[in-house]
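J.: The sequence and its predicted three-dimensional model are supplied below.
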Amino acid sequence: MNQADTEIVTSLLQSEGFVPTGDEASAGIILLNSCAVRENAVDRIGNFLQQLKGRKRRNRALVIGVLGCVPQFEKERFFDAHPFIDFVAGPDTYRSLPSMIAQVREGARVVRLEYDHRETYSGIDPVRSGRIGTFLPVMRGCNNSCAFCVVPVTRGRERSVPFRRVVDEVSKLAASGYREVTLLGQNVNSYHDAEDGRDFAALLDAVSREAPGMRIRFTTSHPKDISRELVEVIAGRPNICNHIHLPVQSGSSRILELMRRGHTREEYLRRIEMIRSIIPGVALTTDLIAGFCSETDEEHRQTLSLMEEVRFDSSFMFYYSVRPGTWADRNLQDDVPEPVKKARLQEIIDLQNVISLERYRQDIGRSVEVLAESESRRAVSQLMGRTGTNRAVVFDRGEFAPGDLLQVHVTDATSATLVGVTAGAA
Ligand code: SAM
Ligand code: SF4
């Protein structure tokens, strides 16, 4: 989401005559787009700011702005704590960036942290960094209240980009040569058009028909909102990738209730069964949090057992970090000691690696359809691409180039990558 926001900010600034530089040292304005979702992301911004402080001391004319969720979350405190920052701008205020910069150049320090519950930045043509695939935010904000999460505070209430606008945008992307689009939202399956109430299943169906030559992906889905109808749309449309990212966070129903996720372990497993019965071979990935408040060893083992039962393709795995002001911060005790959180996380990572390796190795000897994305980092003679199930594949390029859809015969696998040889155009 931040990458997509940065592309919007770049567009807003370029249309006012600002020019991006590839050379940080020559920049007259430096903007940091920040993430507040976990403590280590916030710490990273802190480290960057320390470097910028020295640079600002040497060059008083340098304009430094911090955008996004960290200032939105920490409010004026953040600005007061860093007197060398010229302005801070929350996620709903980016249309005013040119005027903020103008004010700074006239000597002001500027704080813009208002919410705008209608702002979707629709109508702005982002300066896209990808050439083969790109992101398209379809909704912003979140109306849930998961106990550990800052997103409802930092990004405000849910609002969706109008249906017609999303479809037109996808059509434009297809016409300009994009081969893949990922529809983005904190909770994409809450999408609904404000005018006529059309939902995410309808949107996905319409988008996939509008651009039949493009691969369609989406993220993130909330387990409590994933409907049979949506899964049937994914199964029925060949260009919608058979991959669902469905964060579970914990395998314990008691912890899920404390997290205010709105479903139990059993309900989650029933959703997985429903999805697999409708889309055989679907890839499922997840997010997991180790060491949430009061989690016992037994409850941690329930997370491991859920992983064994579902056998996710891959996971984003974190240990719990308390975020000030969240429901958990106000109502629960962050009482699992950090070494225990870290040890549990390591067990989760180790198990996921074993499961991913086993699942990836099942592709050895098979042919998979791959969209080539880029040159491989290892060798220019190789390309990197992805299967519809989102597995990375590395192969000798032969006559193929990024953007081609081709068949690759898989010869080897690690827990994160398939290795193969080209077997012709798809
Ligand atoms: N909207 C998505 C959902 O509900 O599944 C998730 C969005 S959140 C920005 C991304 C992931 O960060 C979460 O799924 C969760 O695993 C992790 N996360 C969020 N807050 C966290 C916290 N306080 N500590 C550790 N991990 C956290
Ligand atoms: Fe955060 Fe929960 Fe909303 Fe996801 S659904 S963004 S975890 S509050």
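T.: Perfect, thanks for sending it. In this text, all values refer to a predicted model and were calculated from it rather than measured experimentally. Numbering: from 1, shown residues only. Ligands and ions are numbered 1, 2, ... in the order given.
J.: State the three-state secondary structure for Ser415.
T.: When classified by DSSP: H, G, I helix; E, B strand; the rest coil, Ser415 comes out as coil.
J.: Give me the neighbour count for it.
T.: When neighbours are counted by other Cβ atoms under 10 Å, Ser415 registers 15. All C-beta spots, glycine's among them, are computed from the backbone N, C-alpha and C.
J.: do the same with Ser367
T.: Around Ser367 there are 15 residues (other Cβ under 10 Å).
J.: who's in contact with it?
T.: Residues counted as contacts of Ser367 (Cβ atoms under 8 Å, 6 or more residues apart in numbering) are 407-410, 423.
J.: do Arg265 as well
T.: Contact analysis of Arg265 by Cβ under 8 Å, 6+ apart lists 251-253, 256, 302, 306.
J.: And the closest residue to Asp205 other than its chain neighbours, which helix or strand is it part of?
T.: Excluding the flanking residues, the one nearest Asp205 by Cβ to Cβ, 6 or more residues apart in numbering is Val233, at 4.8 Å. Here Val233 sits within helix 228-236, counting by DSSP states H and E.
J.: packing partners for that helix?
T.: helix 200-210, helix 265-278 (3 or more Cβ pairs under 8 Å, 6 or more residues apart in numbering; DSSP states H and E).
J.: repeat that with 10 Å
T.: Contacting helix 228-236 under the criterion 3 or more Cβ pairs under 10 Å, 6 or more residues apart in numbering; DSSP states H and E are the following elements: helix 200-210, strand 215-219, strand 243-245, helix 265-278.
J.: Dump the C-alpha coordinates for the last one into CSV.
T.: Read it as helix 265-278. Taking C-alpha atoms only, helix 265-278 is exported to CSV below (Å, rounded to 0.1, in the frame of the first residue of the first chain):
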residue,chain,number,x,y,z
ARG,A,265,-9.9,-21.7,14.5
GLU,A,266,-12.7,-24.0,13.4
GLU,A,267,-14.4,-21.4,11.3
TYR,A,268,-11.1,-20.6,9.6
LEU,A,269,-10.5,-24.2,8.8
ARG,A,270,-14.0,-24.5,7.4
ARG,A,271,-13.3,-21.5,5.1
ILE,A,272,-10.1,-23.3,3.9
GLU,A,273,-12.0,-26.4,3.2
MET,A,274,-14.6,-24.5,1.3
ILE,A,275,-11.9,-22.7,-0.8
ARG,A,276,-10.0,-25.9,-1.5
SER,A,277,-13.2,-27.7,-2.5
ILE,A,278,-14.0,-25.0,-5.1
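J.: what inclination does it have with respect to helix 228-236?
T.: Counting by axes from the mean of the first three to the mean of the last three Cα atoms, to 10 degrees, helix 265-278 points 30 degrees away from the direction of helix 228-236.
J.: go on, the first one?
T.: Computed by the same axes, to 10 degrees, the angle separating helix 200-210 from helix 228-236 equals 20 degrees.
J.: got the buried residues for helix 200-210?
T.: Using 16 or more other Cβ atoms under 10 Å as the test for burial, helix 200-210 gives 200-208, 210.
J.: wait, what's in contact with Glu195?
T.: 162-164 (Cβ atoms under 10 Å, 6 or more residues apart in numbering).
J.: Quick one: those residues as a markdown table, columns for secondary structure, pLDDT and neighbour count too.
T.: Shown next, in a markdown table, are the contacts of Glu195 (DSSP: H, G, I helix; E, B strand; the rest coil; pLDDT from 0 to 100; neighbours: other Cβ atoms under 10 Å):
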| residue | secondary structure | pLDDT | neighbour count |
| --- | --- | --- | --- |
| Pro162 | coil | 95 | 17 |
| Phe163 | helix | 96 | 22 |
| Arg164 | helix | 96 | 13 |
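J.: Which element, helix or strand, includes the residue of the stretch 101-250 of the chain found nearest ligand 1?
T.: Residue of the stretch 101-250 of the chain nearest ligand 1, by Cβ to the nearest ligand atom: Pro247 (3.3 Å). For Pro247, there is no enclosing helix or strand under DSSP H and E.
J.: what sits against it?
T.: Contact analysis of Pro247 by Cβ under 10 Å, 6+ apart lists 146, 219-223, 261, 268, 285-289, 315-316.
J.: Can you tell me which of the residues you listed are buried?
T.: 146, 219-223, 261, 268, 285-286, 288-289, 315.
J.: got a pLDDT number for Val42?
T.: Note on Val42: pLDDT of 87.
J.: same deal with the one 4 residues further on?
T.: The model reports Gly46 with a pLDDT of 86.
J.: OK, contacts around it?
T.: 34, 70, 81-82.
J.: Narrow these to those in helices?
T.: 70, 81 (DSSP state H).
J.: residues in this structure within reach of ligand 1, list them.
T.: 37-38, 148-149, 151, 186-187, 220, 222, 247, 249, 287, 289, 318, 320-321, 323 (Cβ under 6 Å from any ligand atom).
J.: now with 5 Å?
T.: 37-38, 148-149, 186, 220, 247, 287, 289, 318, 320-321, 323 (Cβ under 5 Å from any ligand atom).
J.: Just put those residues in a markdown table and tack on secondary structure and pLDDT.
T.: Shown next, in a markdown table, are the residues of the chain next to ligand 1 (DSSP: H, G, I helix; E, B strand; the rest coil; pLDDT from 0 to 100):
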| residue | secondary structure | pLDDT |
| --- | --- | --- |
| Val37 | coil | 91 |
| Arg38 | coil | 87 |
| Phe148 | coil | 97 |
| Cys149 | coil | 96 |
| Gln186 | coil | 93 |
| Thr220 | coil | 94 |
| Pro247 | coil | 98 |
| Asp287 | strand | 98 |
| Ile289 | strand | 98 |
| Phe318 | strand | 97 |
| Tyr320 | coil | 97 |
| Ser321 | coil | 95 |
| Arg323 | coil | 93 |
